[in-house]
Every structure is written in structure tokens, then in C-alpha cells.
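Peer 1: model this:
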Amino acid sequence: MYRPLLAAIFLATPALADYKEVVEGHILPGYAAFAAATADLAAKAGESCEPDALRPAYQAAFDAWMGVSHLHLGPVEEKGRALAIAFWPDPKGLGAKAQRGLLTGDPAALAPGAFADQSVAARGLMGLERLLYPDEPLAGETCALIRATADDLARLAGEIETGWRGGYAGLMLAPGGEGNATYLTEQEVRQALFTQVATALEFLADTRLGRPLGTFDRPRPERAEARASGRSLANVRAELAALRDLTARLAPGAAGTLAAFDRAIGLADKLDDPVLAGVADPQRRLKVEILQGAVKAVRDMAVAELGEELGVSIGFNAADGD
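Peer 2: Residues are numbered from 1 along each chain as shown. This next block holds a predicted model:
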């Protein structure tokens with residue numbers, strides 16, 4: 001699962017960092033867009049359960065999620081919301097198994113109050129993908145599950161937006177304020193945002209691209225994210241664009257990092273491989289490997305240049321518990 005990798009050690013206060021611009025121009029609009037897109041999806045699901053009718057709204061909701069999926073702060077991390085929105089990777093197929101149980105089990109489990117207590121693996125965007133883009137016919141009537149999943153997704157998005165606007169944004173915007181034990185200094189806010197960029201780039205290179213790449217002798221294209229809905233490469237592009245936007249707002253003077261982002265985005269734009277199936281072909285695989293290398297180069301540049309720009313540097317690997 002996606003877990004924070006990096007911690008920061010405080011250094012000098014930077015001159016160009018602007019965490020307020022990140023909160024007001026990137027985070028709040030991003031969650032507002034996600035809440036609006038999921039509300040629209042739920043409304044359309046209430047009108048029709050036909051997959052063809054819902055797929056455009058589903059794609060729009062996933063697009064909006066990719067604008068904020070790199071943020072692991074505050075309300076999205078509470079009550080397992082991030083996992084319930086996008087439970088991936090799922091190597092053991094827990095989501096499909098849980099959904100089969102819901103399709104053939106007690107309909108009461110799909111009631112709003114009860115569905116929120118179901119396995120996170122069966123919910124969210126990946127749950128809807130299996131319902132709207134099935135590899136094979138699903139057992140049982142899917143309409144009630146589609147509506148329950150869409151409604152639950154909209155509820156989660158609404159809670160996250162409300163949580164940010166109703167309190168968490170204020171904590172980031174006023175570090176050290178009365179009653180603010182989350183962020184005691186401006187430097188802690190910068191540290192948190194720097195960590196979002198670094199960990200997201202790590203996840204993008206090692207998981208979104210690394211999982212389907214597998215090894216040269218054993219490529220694993222079937223492991224690509226959102227393969228059924230054709231979003232594997234689109235998610236890579238969208239996350240790179242979102243991370244570049246965050247970085248440009250946070251540290252506009254980090255020219256090398258922004259240029260590295262532009263190179264990676266350009267490579268993704270030129271890659272004609274929507275579900276990264278080319279990883280199984282030696283010649284096409286090379287292009288995906290080059291893209292992965294470019295993402296790693298962004299991360300390395302960010303660690304060096306952006307860290308200096310913000311006055312932070314890499315400490316330890318938080319996943320190791322050091």
C-alpha cells in the first residue's frame with residue numbers, strides 16, 4: 001500500500017516557499033472538484049445503472065481523484081478514507097471477492113449506513129471499475145451495488161472537502177496558532193508538503209510503473225492500475241501534472257525540478273500505450289522504462305533542489321520505522 005517514505009530534517013527557512021498558495025490554489029480546489037465529480041457520478045447512478053451511461057462520469061471522477069491522490073494529509077487519512085476511495089494494489093483480489101459476497105448476500109449490506117462498514121477493497125473507484133468494466137459477466141444484479149458504491153464515494157469526497165474547509169486548512173494556514181498542535185511552525189507545513197511530493201514520486205515510479213514493468217524476463221502488464229477502464233497511463237500523466245502544479249506553487253524557484261517534471265510529462269504524452277501493455281514487448285518496454293527513469297530523476301532533483309529551496313533535507317525512511 002501507499003505509505004509515506006520520507007521524513008525531513010529542518011534547515012534554514014526558504015525565501016520562495018508558499019505553502020498558503022498550495023492550500024488555497026491546489027488542495028482546496030482539488031478536493032472541491034473531486035467532491036463535485038463524485039456527486040455528479042452518484043446522481044447519474046441514481047438515474048441509470050447502465051455501465052455505458054455511467055462511464056463518462058466515472059472517468060471524470062477518477063480524473064478529479066488524480067488531482068489529489070498524492071495528498072496523504074488530514075481528513076483523507078482519517079477513517080481509512082483514502083483506501084476506501086482507491087484500494088490499489090490488490091494482489092490477492094480481495095475487492096472482487098468481497099464484491100461477489102455483496103452481490104449474492106443480504107441486500108441490507110448495501111444500505112448507506114451498512115455499506116460504509118463493508119471492506120474498503122470492495123468500495124470506491126476500483127470497486128466501481130469492476131462493476132462498470134467487468135472482465136466477465138458478474139453474478140447477480142449489479143444496480144444496487146453500483147448505486148451504493150457511487151453514493152459512498154460521493155459521501156467520502158464530501159467529508160474530505162468539509163474536513164479541509166472546516167478545519168484542516170486552517171491548521172496548515174496558521175501554524176503555531178492557538179490550539180494548533182498539528183503544525184507548530186511554518187517549517188513543519190513545508191516539511192509535510194515536501195514529503196507529499198517525494199513519496200508520491202516514489203509511488204509513481206515504483207508502483208504505478210514498476211508493478212506492470214515487473215522484470216525483463218517476467219513483465220506483468222496485468223498489474224497495471226485501472227487497466228480495465230483504460231486509465232493506466234492516464235493516471236501517470238495526471239499525477240505528474242498534479243505534482244508539478246503543487247511544486248510550482250510551493251517552490252516556484254525550483255527550476256530544475258520543474259524542468260524535470262516537464263521532461264517526464266513530455267515522455268508520458270508521447271507514449272502511446274494506454275494500459276502499459278507494451279511492457280511485454282522489448283522495444284515498447286524500453287519507452288516505459290525511460291519514463292520510469294524520468295520520474296525517478298524528478299524525485300532525485302526534488303530531493304536535492306526542492307529540499308534546499310524549502311529548507312528541508314531527506315532524513316530517514318519512515319516506512320522502516322527508524
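
Peer 1: once you drop chain neighbours, what's closest to Gln99?
Peer 2: Nearest residue to Gln99 in three dimensions, chain neighbours excluded: Ala122, at 4.8 Å (Cβ to Cβ, 6 or more residues apart in numbering). Where C-beta positions appear, they are placed from N, C-alpha and C, glycine not excepted.

Peer 1: thought that neighbour was touching Arg100?
Peer 2: No: in this structure Ala122 lies outside contact range of Arg100 using Cβ atoms under 8 Å: 9.1 Å.

Peer 1: between these two, which is the more surrounded one?
Peer 2: Ala122 (27 against 16; other Cβ atoms under 10 Å).

Peer 1: got the confidence number for that one?
Peer 2: pLDDT, Ala122: 97.

Peer 1: how about the contacts made by it?
Peer 2: Neighbouring residues of Ala122 by Cβ atoms under 8 Å, 6 or more residues apart in numbering: 94-95, 98-99, 102, 149.

Peer 1: who wins on neighbours among the residues you listed?
Peer 2: Thr149 (29 neighbours).

Peer 1: just the closest of the contacts of Ala122 to Arg237, please.
Peer 2: Ranked by distance to Arg237 (Cβ to Cβ), the contacts of Ala122 are led by Gly95 at 24.3 Å.

Peer 1: over to the closest residue to the closest one other than its chain neighbours. Which of the three states is it?
Peer 2: In space, and not counting its chain neighbours, Gly95 is closest to Ala121: 3.9 Å by Cβ to Cβ, 6+ apart. Secondary structure state of Ala121, per DSSP: H, G, I helix; E, B strand; the rest coil, is helix.

Peer 1: ok, back up a step: in a markdown table: the contacts of Ala122, plus pLDDT and secondary structure.
Peer 2: Shown next, in a markdown table, are those (pLDDT from 0 to 100; DSSP: H, G, I helix; E, B strand; the rest coil):
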| residue | pLDDT | secondary structure |
| --- | --- | --- |
| Leu94 | 97 | helix |
| Gly95 | 96 | helix |
| Ala98 | 96 | helix |
| Gln99 | 95 | helix |
| Leu102 | 95 | helix |
| Thr149 | 98 | helix |
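
Peer 1: which one of the residues you listed is nearest Ala139?
Peer 2: When the contacts of Ala122 are compared against Ala139 (criterion: Cβ to Cβ), the nearest one is Gln99, at 9.6 Å.

Peer 1: gap between that closest one and Ala157?
Peer 2: Using Cβ to Cβ, to the nearest Å, we find Gln99 at a distance of 20 Å from Ala157.

Peer 1: quick revisit: the residue nearest to Gly95 touches Pro89, doesn't it?
Peer 2: No: using Cβ under 8 Å, Ala121 is not in contact with Pro89; the gap is 10.8 Å.

Peer 1: these two: who's more crowded?
Peer 2: Comparing Ala121 with Pro89 by neighbour count (other Cβ under 10 Å), the higher total belongs to Ala121, at 21 against 13.

Peer 1: OK, contacts around Ala200?
Peer 2: Counting by Cβ under 8 Å, 6+ apart, Ala200 has contacts 69-70, 239, 243.

Peer 1: likewise Asp269?
Peer 2: Arg237.

Peer 1: what ranges do the strands span in the protein?
Peer 2: Here the chain has its strands, by DSSP state E, at 6-10, 312-317.
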